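Undergrad: Using only what follows, build the 3D model:
(2 chains)
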Number of protein chains: 2
Amino acid sequence: MTEPLLHGYFRSTASYRVRIALNLKGIRYADAIHHLRKGEQKAAAFRAINPQGLLPVLEVDGAVLTQSLAICEYLDETHPSPPLLPDEPVKRAHVRAFAQAIACDIHPVQNLKVLARLRAMGLDEEQVTGWARDVIADGLDACAALIGDATNPYCFGDAPTLADICLVPQLVNARRFGVDLRWPRLLAIEAACLELDAFRRARPENQIDTE
Amino acid sequence: MTEPLLHGYFRSTASYRVRIALNLKGIRYADAIHHLRKGEQKAAAFRAINPQGLLPVLEVDGAVLTQSLAICEYLDETHPSPPLLPDEPVKRAHVRAFAQAIACDIHPVQNLKVLARLRAMGLDEEQVTGWARDVIADGLDACAALIGDATNPYCFGDAPTLADICLVPQLVNARRFGVDLRWPRLLAIEAACLELDAFRRARPENQIDTE
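TA: Below is the predicted model of the structure:
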């Protein structure tokens, strides 16, 4: 594998997921920065790479990969160690379901694009922030229930998985919108993850484009 | 495997995906119906099964599986033939990315829950329908670009994959909201899929709870 190129943005939580996965796998990569708030992901040059106009994109060995979870699964299939999913099918399904509870049911409903749509429909800032806060809080309630009261350090067991890769970035957004962080178990998992160099190096504040 | 129980609803597009996957794999299953418009998925008894309060749920061999894409991947791992994903990692990533472009970026932003939230914030029916229409049209534009002009019968090749499993139900929603169906290639793929018994039996109008 030649050094992959990650098209991302420091504050993009989906890019943050892929940064963690690359770091966990020990894969060195180069950054291509696209400033989301300036709309650089909508430029024709970037749409020629990803017609969705969304981050992240991973260019690797001539292939263009989009969608953060699909990229993480690709990395897991091509670099099996350390694994991002358990071995057993039911456990894999539980990890993927937790990841999708964030990546399908929380993040796309509170991302910049949707909030811009709400503003365009005449909602004020308080309503827009309230929307994001409610979506995140409802979603994290479900996430907390999905993992239950087990005391293992990470979402599912003794090593981080795709579930933790989705949780930690989502908690950044929870704080940004002022969500009441009423999930001690999720916060304990976050703390355990952020002890790991792979998560720490991936944090928004540690990126070259951090503002 | 004992006969699985699918918690679903005829008009739930995420349930429709799992019905197709079960049929493609030749797995007989029983139905547990939860009427989404009556809010039956929010009942305490159902939340005890799935804390997210969302459909579908597949109960199989004592396990409770949630999130349609995670369930489809589980079925693919436990019943490899016929496969729902190609063999090669880059191709698998492309199929998953297409599926997620629908399951993450279209469907959750236009589902009943989000539209109810919009109404609760004071938007009128025309605005709510317009929202759903715009989200679906933008998303299907991207989907059409992702598969390009190839002439194979299905989204990715000569057999249906997870991509087709997501596309066909999403087109039902596109029609429901009056989206202008400007993607001849997507419609040709839909027609090819609906030639298959596995897709046809999974259609909303062929369910026991159809209204």
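
Undergrad: Going by C-alpha atoms from here, please, whenever you check contacts or count neighbours.
TA: OK.

Undergrad: What residues does chain A have near chain B?
TA: Residues of chain A found near chain B (C-alpha under 8 Å from any C-alpha of the partner chain) are A:50-52, A:63, A:65-67, A:69-71, A:73-74, A:77-78, A:89-90, A:92-94, A:96-97, A:100-101, A:103-105, A:108-109, A:121, A:127, A:139, A:142-143, A:145-146.

Undergrad: Domain-wise, how is chain A divided?
TA: Using automatic domain parsing, the domain parsing of chain A gives A:5-82+A:199-206, A:89-196.

Undergrad: is it possible to export these to TSV including mean neighbour count and mean pLDDT?
TA: Shown next, in TSV, are those (neighbours: other C-alpha atoms under 10 Å in any protein chain shown; pLDDT from 0 to 100):
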stretch	mean neighbour count	mean pLDDT
domain A:5-82+A:199-206	19	94
domain A:89-196	19	96
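
Undergrad: Same list (these) but as a markdown table, adding distance to B:Ser15.
TA: Output for those, formatted as a markdown table (distance: least, C-alpha to C-alpha, whole Å):
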| stretch | distance to B:Ser15 |
| --- | --- |
| domain A:5-82+A:199-206 | 21 |
| domain A:89-196 | 14 |
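
Undergrad: Pull the contacting residues for whichever residue of chain A sits closest to chain B.
TA: Among the residues of chain A, A:Cys104 lies closest to chain B, at 4.2 Å counting by C-alpha to the nearest C-alpha. Going by C-alpha atoms under 8 Å, 6 or more residues apart in numbering or on different chains, A:Cys104 touches B:103-105, B:108.

Undergrad: Can you tell me which of these comes closest to B:Ala44?
TA: Lowest distance from B:Ala44 to those (C-alpha to C-alpha) belongs to B:Pro108, with 22.5 Å.

Undergrad: quick one: the strands in chain A?
TA: Counting by DSSP state E, the segments of chain A that form strands are A:5-8, A:30-33, A:57-60, A:63-66.

Undergrad: centre of the chain versus the second one, how much separation?
TA: Averaged C-alpha coordinates place strand A:30-33 at 17 Å from its chain's average position (C-alpha atoms, centre = their mean, to the nearest Å).

Undergrad: where along chain A do the helices fall?
TA: A:13-24, A:44-49, A:68-78, A:89-103, A:107-110, A:112-120, A:125-147, A:162-176, A:184-194, A:197-202 (DSSP state H).

Undergrad: Tabulate these in a markdown table, adding columns for distance to B:Gly26.
TA: Below are the helices of chain A laid out as a markdown table (distance: least, C-alpha to C-alpha, whole Å):
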| stretch | distance to B:Gly26 |
| --- | --- |
| helix A:13-24 | 35 |
| helix A:44-49 | 38 |
| helix A:68-78 | 26 |
| helix A:89-103 | 19 |
| helix A:107-110 | 33 |
| helix A:112-120 | 39 |
| helix A:125-147 | 29 |
| helix A:162-176 | 29 |
| helix A:184-194 | 39 |
| helix A:197-202 | 42 |
